[in-house]
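Undergrad: Give me the fold of what follows.
(chains A and B)
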Amino acid sequence: MMLTTTVLFYVFSAVLLLSALLVITARNPVYSALYLVLAFFNAAALFLLLGAEFLGLILILVYVGAVMVLFLFVVMMLDINLERLKEGFLRYLPLGLAIAIVGVLEMVAVFWTAPIGRVPAPGPISANADNTRALGELLYTHYLYPFEIAAVILLVAIIAAIALTLRRRPDTKSQVVGKQVAVAVRERLRMVDLRGPKP
Amino acid sequence: MHDLVNAAWWPPVWALIKIIIVLIPLLLGVAYLTLAERKVIGYIQIRLGPNRVGFRGMLQPIADALKLLFKEVLIPSTANRFLFLAAPVLAFVPAMLVWAAVPFGPGVAISNMNAGLLYVLAIAGLGVYGIIIAGWASNSKYAFLGAMRAAAQLVAYEIAMGFALVGVLMLAQTLNLSKIVEAQAGGGFWSWYWLPLFPFFLVYFISGVAETNRAPFDVAEGESEIVAGFHVEYSGMGFALFFLAEYANMIFVSILTTVLFLGGWYPPFNVAPFTWVPGLVWLLLKTAFLLYVFLWIRATFPRYRYDQIMRLGWKVFIPITIAWIVVVGIALETPLRAILR
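TA: All right, here's what the predicted structure looks like:
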């Protein structure tokens, strides 16, 4: 049983890394988006292997089921020309590498100081434990303030994004639903008594 | 027997047997649902429907399946070959995967998982990839328009659907589908969740109709405006897989509505003649009724205009569900709690 889990872990991790690499190297942006979907799936599978079914399923529900659908929608609509996007690749490469190195160093620093290895890592939770309930109880009691503040920040971001992109265009035609619902029959329909010649 | 159950190869084999036991009746059900649809709509429009193949047309689905099997699979010359062939599979597989969590009796499912409700919600939302990819890979404007409509529609209605399920969670206190049904036991018809969660029941079922791309929400196909939408370029088995996925999803939405809101396998009255009938029969009867409602809706209503679909999803359903979540939340803090739970 342990062996199966280990093999599955390496298979999912390998596919995850490979698809993540293909996201940034694929020539066609639609393919990039689809590889990102594959990467999300494998990440969700890794969560499931750890017994964290809530996180795994939420990852699929939110990112694959909603976010990536909109991503694909936009990518397919815009018909992005990747060749032009890639023109500046060499110019930005040094800056990108520098940022990547700083990121790696930060992660190493965090793992170096974190008590991983000294404290025994928590094993996978037993199949009967309901980790949805456990997560909910922690979020709404112990971590209530960080959780609610994060929610408010997200709400602000949503409203700001809409406010920045919303522009009123008087020249476009659109239906005013209130007016459509309020119409009476006599405004739209006139009965005419037609008298044709007798046959 | 004991040795058999303990053998290392037994769990995967047993899982395979369970999958076959569920999927073969499901595919037969899909085949006869197509016949039922043509018959029901025929009678509603004062026609007879198919009545030539077999006794009163009973073999019509078999004839249709054979016809689709033997048709040539056409691939448009400018299509993206790989994605064009992968899209029907991507539509069909999630439609089958969701059945893993559907309970047919107390704890009887292919996988009686803890997070069953979350699983079905997550997997059911994946079917749209088949539609979007089909529309894009066909390299045809009508197919593409259908795909774009399907994507926008799915995102709008999945949110309302998710909120409707939050109400069920608040009352049942579990994500396990089998336990959700068991939480509705007791007073028969009146203790099922359709009553305290009536707005959710309506929103969930209508969103289900929208999510399966059925009339009056079938703008992704819209045969009178964009020919047949996303599957206009498909023939033979590619088309058949889209068709199977759509009808399997219809059965799935019906059975899930039964499980969540109509008491699953419990009889409507806890008196003698009703309790003699096995639970599975009740489950299937309720599902069949909801499937009939699907067909009835299709025969009754004209197709929604696209902007009206968006308005209904975003501006009507989502506010209704949020408001009713607040109502249920407040009710659970009052003495009503004892009745609701």
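Undergrad: What is the subsequent helix or strand relative to the worst-scoring helix or strand of chain A on mean pLDDT?
TA: Averaged element by element with mean pLDDT, DSSP states H and E, chain A has its least confident helix or strand at helix A:82-85 (a mean of 66). Using DSSP states H and E, the next helix or strand after helix A:82-85 towards the C-terminus is helix A:89-113.
Undergrad: neighbours around the residue of chain B found nearest chain A, how many?
TA: Proximity to chain A, evaluated over chain B using CB to the nearest CB, is greatest for B:Gly125 at 3.3 Å. C-beta: built from backbone N, CA, C; applies to glycine. If you count neighbours by other CB atoms under 10 Å in any protein chain shown, B:Gly125 ends up with 25.
Undergrad: With B:Leu27 instead?
TA: 14.
Undergrad: which residues are there in the stretch 201-341 of chain B that come within reach of chain A?
TA: B:Asp307, B:Arg311 (CB under 8 Å from any CB of the partner chain).
Undergrad: follow-up on the earlier one: surely the residue of chain B closest to chain A meets B:Leu154?
TA: Yes. Counting by CB atoms under 8 Å, B:Gly125 does reach B:Leu154; the two are 6.9 Å apart.
Undergrad: Spit out the residues that contact those two alike.
TA: A:Val69 (CB atoms under 8 Å, 6 or more residues apart in numbering or on different chains).
Undergrad: Show me what from chain A comes close to chain B.
TA: Near chain B, when you scan chain A using CB under 8 Å from any CB, you find A:30, A:34, A:37, A:53-54, A:57-58, A:60-61, A:64-66, A:69-70, A:72-73, A:76-77, A:127-128, A:130, A:132, A:174-175, A:177.
Undergrad: Recalculate using a threshold of 6 Å.
TA: A:Glu53, A:Leu57, A:Ile60, A:Leu61, A:Gly65, A:Ala66, A:Val69, A:Leu72, A:Phe73, A:Met76, A:Asp130, A:Thr132 (CB under 6 Å from any CB of the partner chain).
Undergrad: Out of these, which two sit at the greatest distance?
TA: A:Met76 and A:Asp130 (39.4 Å; CB to CB).
Undergrad: more neighbours, the two?
TA: It is A:Met76, of A:Met76 and A:Asp130, that has more neighbours when counted by other CB under 10 Å, with 20 against 16.
Undergrad: Tell me the confidence at residue 95?
TA: In the absence of a named chain, this looks at chain A. For A:Leu95, the pLDDT comes out at 90.
Undergrad: that answer is for a different chain, and I need it for chain B
TA: What the model reports as pLDDT for B:Ala95 is 90.
Undergrad: contacting residues for it?
TA: By CB atoms under 6 Å, 6 or more residues apart in numbering or on different chains, the contact set of B:Ala95 is B:Gly127, B:Ala245, B:Ala248, B:Asn249.
Undergrad: Smallest gap between chain A and chain B, at which residue?
TA: For chain A, CB to the nearest CB, closest residue to chain B: A:Gly65, 3.3 Å.
Undergrad: Show me the helices in chain A, by range?
TA: A:2-25, A:29-49, A:53-58, A:68-78, A:82-85, A:89-113, A:131-140, A:144-165, A:177-182, A:185-188 (DSSP state H).
Undergrad: which regions of chain A lie under the pLDDT threshold?
TA: The model of chain A has pLDDT under 70 over residues A:1-2, A:80-86, A:114-129.
Undergrad: who in the stretch 51-200 of chain B is up against chain A?
TA: B:Asn114, B:Ala115, B:Leu118, B:Tyr119, B:Leu121, B:Ala122, B:Gly125, B:Ile132, B:Trp136, B:Ala151, B:Val155, B:Leu175.
Undergrad: In helices, which of these fall?
TA: B:Leu118, B:Tyr119, B:Leu121, B:Ala122, B:Ile132, B:Trp136, B:Ala151, B:Val155.
Undergrad: quick one, what contacts the last one?
TA: Contact analysis of B:Val155 by CB under 6 Å, 6+ apart lists A:Ala66, A:Val69.
Undergrad: longest helix anywhere in chain B?
TA: Per DSSP H, chain B has its longest helix at helix B:10-44.
Undergrad: Can you give the distance of that helix from its chain's centre?
TA: Between the centre of helix B:10-44 and the centre of its chain there are 13 Å (CA atoms, centre = their mean, to the nearest Å).
Undergrad: go on, stretch A:187-199?
TA: 59 Å.
Undergrad: what about it, how long is it end to end?
TA: The first and last residues of stretch A:187-199 sit 34 Å apart, counting by CA to CA, to the nearest Å.
Undergrad: Look up the closest residue to the residue of chain A closest to chain B, ignoring the ones flanking it.
TA: Nearest residue to A:Gly65 in three dimensions, chain neighbours excluded: B:Gly125, at 3.3 Å (CB to CB, 6 or more residues apart in numbering or on different chains).
Undergrad: what's the answer for A:Ile60, then?
TA: Closest to A:Ile60 by CB to CB, 6+ apart is B:Ala122, at 4.3 Å.
Undergrad: Show the contacting residues for the one you found.
TA: Applying CB under 6 Å, 6+ apart, the residues near B:Ala122 are A:Leu57, A:Ile60, A:Leu61.
Undergrad: The second one: neighbour count?
TA: Under the neighbour criterion other CB under 10 Å, A:Ile60 is assigned a count of 24.
Undergrad: Quickly find the element holding the residue nearest the centre of chain B.
TA: With the centre of chain B defined as its mean C-alpha position, the nearest residue by CA atoms, centre = their mean is B:Val253, 2.7 Å away. B:Val253 belongs to helix B:236-261 when assigned by DSSP H and E.
Undergrad: Just after that helix, pick out the following helix or strand.
TA: helix B:272-276.
Undergrad: Give the other helices and strands that the helix or strand just after that next one contacts.
TA: Remark: after helix B:272-276, the chain's next helix or strand is helix B:279-300, criterion DSSP H and E. When contacts are defined as 3 or more CB pairs under 6 Å, 6 or more residues apart in numbering or on different chains; DSSP states H and E, helix B:279-300 packs onto helix B:10-44, helix B:236-261.
Undergrad: Kindly recompute the last result at 10 Å.
TA: Under the contact criterion of 3 or more CB pairs under 10 Å, 6 or more residues apart in numbering or on different chains; DSSP states H and E, helix B:279-300 touches helix B:10-44, helix B:198-211, helix B:236-261.
Undergrad: Quick one: mean pLDDT for the helix or strand following that helix?
TA: Under the assignment DSSP H and E, the closest C-terminal helix or strand after helix B:279-300 is helix B:306-311. In this model, helix B:306-311 carries a mean pLDDT of 84.
Undergrad: related to what we said a few turns ago, redo the contacts of B:Ala95 as TSV? Include neighbour count and pLDDT.
TA: Formatted as TSV, those follow (neighbours: other CB atoms under 10 Å in any protein chain shown; pLDDT from 0 to 100):
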residue	neighbour count	pLDDT
B:Gly127	28	83
B:Ala245	25	89
B:Ala248	24	91
B:Asn249	22	90
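Undergrad: what ranges of the stretch 1-150 of chain B fall below the confidence cut-off?
TA: B:1-7.
Undergrad: one step back: what comes up buried for the helix holding B:Val253?
TA: B:237-261 (16 or more other CB atoms under 10 Å in any protein chain shown).
Undergrad: Stretch B:211-229 now?
TA: B:211-222, B:226-229.
Undergrad: tell me the two of these that are most distant?
TA: Once CB to CB is applied, these give B:Glu211 and B:Val227 as the farthest pair, at 22.2 Å.
Undergrad: Next up, the contacts around residue 44.
TA: You didn't pick a chain, so chain A it is. A:12, A:16, A:52-53, A:55-61, A:63-64, B:122 (CB atoms under 10 Å, 6 or more residues apart in numbering or on different chains).
Undergrad: You answered for a different chain; I wanted chain B.
TA: Contacts of B:Ile44 by CB under 10 Å, 6+ apart are B:Leu295, B:Trp296, B:Arg298, B:Ala299, B:Thr300.
Undergrad: Nearest to A:Asn42 among the residues you listed?
TA: Each of those was scored against A:Asn42 by CB to CB, and B:Arg298 proved nearest at 38.9 Å.
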